[in-house]
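Asker: the following block contains a protein sequence and its predicted model.
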Amino acid sequence: MISLSPNLKNKLSQPLKIGSFEVKSRVLQSPLSGVTDMVFRRLVRRYAPDSMMYTEMVNATGLHYVKQLPKIMEVDPNERPISIQLFDCRPDFLAEAAIKAVAEGADTVDINMGCPVNKITKNGGGSSLLRQPEVAEAIVREVVKAVDVPVTVKTRIGWNDKEITILDFAKRMENAGAKMITVHGRTRAQGYNGNARWEWITRVKEVLSIPVIGNGDIFTVEAAVKCLEQTGADGVMCSRGTLGYPFLVGEIDHFLKTGETLPPPTPIQRLECAREHLQALWEYKGDRGVRQARKHMTWYAKGFVGAADLRGQLSLVETVDQGLQLIDRAIAQLANGYELEEEIESNLALV
Ligand SMILES: Cc1cc2nc3c(=O)[nH]c(=O)nc-3n(C[C@H](O)[C@H](O)[C@H](O)COP(=O)(O)O)c2cc1C
């Protein structure tokens with residue numbers, strides 16, 4: 001049985017204030033490269049209409065040279081609250097990109113200072129900024145000067161175990177003008193391994209005045225409540241827990257607002273969601289969308305007999321119709337299984 005302490009309840013009844021911008025939910029959907037496009041965000045928002053969502057990270061240098069707005073930066077005029085996330089190490093390019101982000105409809109602009117991927121860090125972006133705090137400060141200052149929406153930062157606790165620099169780093173970001181910071185409780189060296197060290201989020205919260213969002217290992221309502229209670233964070237951000245499960249942010253938000261736990265979706269409901277996701281990705285991106293949908297569909301197909309086989313088949317689909325047929329067949333089989341179960345139960349009742 002999960003419950004909220006009176007202190008936490010009181011805090012959760014207030015909106016999350018990101019500078020001048022207010023959000024009516026304390027649960028956020030993280031930026032996930034290759035995942036949080038408009039289609040995915042629309043699914044998450046159906047269950048979590050008040051939550052802040054993030055685009056995939058957008059390369060500011062790319063934006064400077066290409067000029068054309070990439071698809072990953074597209075925002076539906078009706079989807080709010082929304083943050084566009086940027087990455088780079090050049091303050092001038094980031095400021096320029098932030099102006100474009102605001103023109104596209106961003107309510108806040110987030111700077112990625114946590115990505116561990118070599119391709120990004122060797123060019124001075126993502127988590128390598130943890131080792132260049134002066135550059136990170138200059139970035140925040142320039143971007144704050146360029147736009148009139150709140151600027152936020154998402155980062156990790158440090159480069160590695162010998163360089164856990166988050167306390168000094170977070171304070172610098174606040175002083176430079178960041179209006180919120182999200183802390184993923186892992187070092188860059190950890191990648192996605194080991195546990196997220198929420199104790200560092202607690203410590204960041206103790207030294208900052210701006211909102212602090214806890215991130216890392218929020219896979220369930222229980223984990224979200226535990227993280228909020230343990231760290232005193234102003235909100236939680238869900239990431240890998242939403243892969244193939246766009247219900248998570250809404251489930252947590254619902255619990256924090258009402259104290260009620262929603263029943264989890266059935267395997268059939270998950271597959272119906274996979275179907276809708278595939279169809280929408282195809283409509284939005286064509287064949288490229290179908291290729292991108294493969295991984296999503298395998299994430300949805302879990303928790304029933306035959307799921308492993310289905311995942312194998314879904315990972316190979318070439319066309320939208322192939323994918324839809326596989327999902328429809330699996331839904332029909334599951335539905336038959338349920339009918340059979342009901343029949344057995346009613347027969348047993350007669351015995
Ligand atoms: C597939 C994938 C893509 C990601 N893309 C981004 C990104 O574009 N920007 C970002 O700030 N973090 C990104 N992250 C990191 C997550 O937002 C999050 O910080 C991390 O997964 C920790 O949370 P978790 O333990 O709940 O997954 C990504 C993570 C994954 C697994």
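Answerer: Ah, there it is. Numbers count the residues shown, from 1 in each chain.

Asker: surely Ile111 forms part of a strand?
Answerer: Yes - per DSSP: H, G, I helix; E, B strand; the rest coil, Ile111 lies within a strand segment.

Asker: please, which helix or strand holds the closest residue to it other than its chain neighbours?
Answerer: Of all residues not flanking Ile111 in the chain, Val153 sits nearest, at 5.2 Å (C-beta to C-beta, 6 or more residues apart in numbering). Where you see a C-beta, it was placed from the backbone N, CA and C, and this is true even at glycine. In the assignment (DSSP states H and E), Val153 maps to strand 151-158.

Asker: what's the first helix or strand after that strand?
Answerer: That would be, after strand 151-158 and using DSSP H and E, helix 166-176.

Asker: helix or strand right after that following helix?
Answerer: Downstream of helix 166-176 (by DSSP H and E), the next one is strand 180-187.

Asker: quickly check: that next one near the ligand or not.
Answerer: Yes - judged by C-beta under 6 Å from any ligand atom, strand 180-187 and the ligand are in contact via His184.

Asker: give the contact list for Leu326.
Answerer: Applying C-beta atoms under 8 Å, 6 or more residues apart in numbering, we find Leu326 in contact with 310, 313-314, 317.

Asker: helices of the stretch 151-300 of the chain, start to end?
Answerer: Assigned by DSSP state H, counting those that start in this stretch, the helices in the stretch 151-300 of the chain fall at 166-176, 198-207, 221-231, 248-258, 267-285, 287-300.

Asker: buried sites along the shortest one?
Answerer: Along helix 198-207, the positions that meet the burial threshold by neighbour count (16 or more other C-beta atoms under 10 Å) are 198, 200-205.

Asker: stretch 210-227 now?
Answerer: By neighbour count with 16+ other C-beta under 10 Å, stretch 210-227 contains the buried residues 210-218, 221, 223-227.

Asker: same deal with stretch 18-35?
Answerer: Buried residues in stretch 18-35, counted by 16+ other C-beta under 10 Å: 18-19, 21, 23, 25-33, 35.

Asker: and that stretch, how far out from the chain's middle?
Answerer: Put simply, stretch 18-35 sits 8 Å off its chain's centre (C-alpha atoms, centre = their mean, to the nearest Å).

Asker: out of the buried residues of stretch 18-35, who's near the ligand?
Answerer: 30-33, 35.

Asker: ok so, going back, go through the helices of the stretch 151-300 of the chain and pick out the most buried.
Answerer: Of these, the one with the most neighbours on average (mean count of other C-beta atoms under 10 Å) is helix 248-258, at a mean of 21.

Asker: determine whether any part of that helix lies close to the ligand.
Answerer: No - shown here: helix 248-258 not in contact with the ligand (C-beta under 6 Å from any ligand atom), separated by at least 9.7 Å.

Asker: ok, the strand holding Val153: who's next to it in the sheet?
Answerer: Applying DSSP bridges to the sheet, strand 151-158 is found paired with strand 108-113 (parallel), strand 180-187 (parallel).

Asker: export those to JSON lines and tack on mean pLDDT and mean neighbour count?
Answerer: Formatted as JSON lines, those follow (pLDDT from 0 to 100; neighbours: other C-beta atoms under 10 Å):
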{"stretch": "strand 108-113", "mean pLDDT": "98", "mean neighbour count": "26"}
{"stretch": "strand 180-187", "mean pLDDT": "98", "mean neighbour count": "27"}
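
Asker: quick one, which of those strands gets closest to Leu69.
Answerer: Closest to Leu69 of the strands paired with strand 151-158 is strand 108-113 (C-beta to C-beta; 14.7 Å).

Asker: centre of the chain versus that closest one, how much separation?
Answerer: On C-alpha atoms, centre = their mean, the centre of strand 108-113 falls 13 Å from that of its chain.

Asker: which regions of this protein lie under the pLDDT threshold?
Answerer: 338-351 (pLDDT under 70).

Asker: okay, now the domains of it?
Answerer: Domain assignment of the chain by automatic domain parsing yields the ranges 6-258, 267-350.

Asker: is there proximity between the last one and the ligand?
Answerer: This points to domain 267-350. No - looking at domain 267-350 against the ligand by C-beta under 6 Å from any ligand atom, there are no contacts, and the closest approach is 9.1 Å.

Asker: so how far is the ligand from Pro150?
Answerer: In this structure, Pro150 and the ligand are 17 Å apart, going by C-beta to the nearest ligand atom, to the nearest Å.
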